[in-house]
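> I'll drop the sequence and a predicted model, then ask my questions.
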Amino acid sequence: FVSMKFLKIPYAILIAVFIGVTSLVPIIGGFIGCWVGFFLILTVAWKQSIVFLIMFVVVQQFEGNVIYPHVVGNSVGLPSIWVLVAVTIGGNIAGIVGMIFSIPFCSVLYQILTEIVNKQIQKKNLEKIINSV
């Protein structure tokens, strides 16, 4: 909404609310809202509809690559970079299903590896050395 208002795009409130509601549909919801907003703006100002599409792609990229990994990573205990890696690899291997299951899988794997490393550190009595540094 703020981006659309800043760019003086018509029907900013209507389109922002519509995209917000359609974004509840996983994966494609935001894009459905985008196309409806695009055609709505196209009826009034075709140049603004192009600006809207560019703005939408930029905002989606920012959300998908910066905000989403950080939020999901905090909720599952996985660092943001590993969320991004998990979604990318999972999507390449198994498409949408891979994206959905890759984050929980990597979260469990990350937790198991963390426990193994911590036990190895304790076993070798390296805690004292690490804490003194």
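Received it, and whenever you're ready, just let me know what you need.
> Next one: S107 relative to K119, how far apart?
19 Å (CB to CB, to the nearest Å). Any C-beta I mention is one placed from the backbone N, CA and C, and that applies to glycine too.
> Those two: who's more crowded?
S107 (19 against 10; other CB atoms under 10 Å).
> Quick one, grab the pLDDT at I27.
On pLDDT, I27 comes in at 66.
> hmm, I was thinking of G98
Reported pLDDT for G98: 84.
> before we move on, what about S75?
Reading off the model, S75 has pLDDT 66.
> who are the neighbours in contact with F38?
49, 52-53 (CB atoms under 8 Å, 6 or more residues apart in numbering).
> Just the closest of these to F39, please.
S49 (7.8 Å; CB to CB).
> tell me which residues of the helix or strand the closest one falls within are tucked away?
Following DSSP states H and E, one finds S49 within helix 46-62. Neighbour-count burial for helix 46-62, with 16 or more other CB atoms under 10 Å as criterion, is recorded at 48-49, 52-53, 55-56, 59.
> Show me which helix runs longest in this protein.
As assigned by DSSP state H, the longest helix anywhere in the chain is helix 80-123.
> so what secondary structure elements neighbour that one?
helix 68-76 (3 or more CB pairs under 8 Å, 6 or more residues apart in numbering; DSSP states H and E).
> how about a cut-off of 10 Å?
In terms of contacts (3 or more CB pairs under 10 Å, 6 or more residues apart in numbering; DSSP states H and E), helix 80-123 is packed against helix 68-76, helix 127-132.
> rank the ones you listed by mean pLDDT and give me the bottom one.
Looking at those, the weakest mean confidence is helix 127-132, a mean of 62.
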